[in-house]
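Colleague: Test case, fold it:
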Amino acid sequence: MIKLIKMSVLASGSTGNATYVESDKGALLVDVGLTGKKMEALFNQIDRDIKDVNGILVTHEHIDHIKGLGVLARKYNLPVYANENTWQAIERKDGNIPSDQKFIFNPYETKSIAGFDIESFSVSHDAVDPQFYIFHNDHKKLSLITDTGYVSDRMKGMIHGSDCFIFESNHDVDMLRMGRYPWKTKQRILSDEGHVSNEDAAYAMREVITGSTKRIYLSHLSRDNNMKDLARMSVEQVLNEHDIDTRNDVVLYDTDKDFATMIYEL
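Modeller: Okay, here's the model as predicted:
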């Protein structure tokens, strides 16, 4: 029997992030950056039940990734996986997650959970020890990479050849530079520990796309410094210039802060 990966980006953006990933043996959440009530509404959008989730993987401690973590973990008695440094940071914000629900998942480890072999890898972001995840199930590969100021060669090597990417396309540089943010905030976003721009995301994508890549979900778009159409157009332009067909071969998909993407089977 061919094993499967199904996924939905439940919410993505500067106000909250969560991704649902399902195998033939179970289901996981990556991050819970919204309230418990909002998470339940998003699960209804994809016709799934949180009660069937087998655990939560945490990328880092910023509030747009852990806002509803404690509430959901306690309500549904869910195991939570994060690296040691991130756990320390989470506990300063929410110390009420029961100890028997806390599990260590450090960078560059591989764990088998809910039917997946999951690799973790470090990214460059202004959190204590941020990491993202690659899901393997049989011959399929799904990579999540957001909240990074740049995409290193090591990151590219790990995510290379994925069937599907959830990839940061945070901001348009001109919109950011001309926007209302204080200069310090702009510098943070543009730094190596900030967020990847549309163009930088596209240049990284062209190095990791292979013939098996079918979809890229443009994620973590800034509410103030990006637009869906602009992100898609910017990424398409770079990929098309490098002979990557974004109409027939590798299709780009939007994500949203309020609406889940339709369940997709890799």
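
Colleague: For the lengthiest helix in the chain, name the packing helices and strands.
Modeller: Identified as the longest helix of the chain according to DSSP state H is helix 228-241. With contacts taken as 3 or more Cβ pairs under 8 Å, 6 or more residues apart in numbering; DSSP states H and E, helix 228-241 sits against helix 198-208, strand 215-219, strand 251-254. C-betas here are computed from N, CA, C, even on glycine.

Colleague: Only alpha carbons, please: show the first one as PDB.
Modeller: In PDB, the C-alpha atoms belonging to helix 198-208 read as follows (Å, rounded to 0.1, in the frame of the first residue of the first chain):
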ATOM      1  CA  ASN A 198       9.300  37.400  -2.000                       C
ATOM      2  CA  GLU A 199      12.400  37.600  -4.300                       C
ATOM      3  CA  ASP A 200      14.800  35.900  -1.900                       C
ATOM      4  CA  ALA A 201      12.200  33.200  -1.400                       C
ATOM      5  CA  ALA A 202      12.000  32.700  -5.100                       C
ATOM      6  CA  TYR A 203      15.700  32.400  -5.600                       C
ATOM      7  CA  ALA A 204      15.900  29.800  -2.800                       C
ATOM      8  CA  MET A 205      13.000  27.900  -4.300                       C
ATOM      9  CA  ARG A 206      14.600  27.600  -7.700                       C
ATOM     10  CA  GLU A 207      17.500  25.700  -6.100                       C
ATOM     11  CA  VAL A 208      15.300  23.200  -4.300                       C
END
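
Colleague: so who does residue 39 touch?
Modeller: 10, 18, 32, 50, 68, 72 (Cβ atoms under 8 Å, 6 or more residues apart in numbering).

Colleague: Tabulate those (CSV), appending secondary structure, pLDDT and distance to residue 99.
Modeller: Putting the contacts of residue 39 into CSV (DSSP: H, G, I helix; E, B strand; the rest coil; pLDDT from 0 to 100; distance: Cβ to Cβ, whole Å) gives the following:
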residue, secondary structure, pLDDT, distance to residue 99
10, strand, 98, 27
18, strand, 98, 24
32, coil, 98, 19
50, helix, 96, 22
68, coil, 96, 20
72, helix, 96, 17
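
Colleague: Which one of the residues you listed is nearest to residue 144?
Modeller: Using Cβ to Cβ, residue 18 comes nearest to residue 144 of the contacts of residue 39, at 11.2 Å.

Colleague: sorry, back to before: what is the most widely separated pair among the contacts of residue 39?
Modeller: 10 and 72 (11.9 Å).
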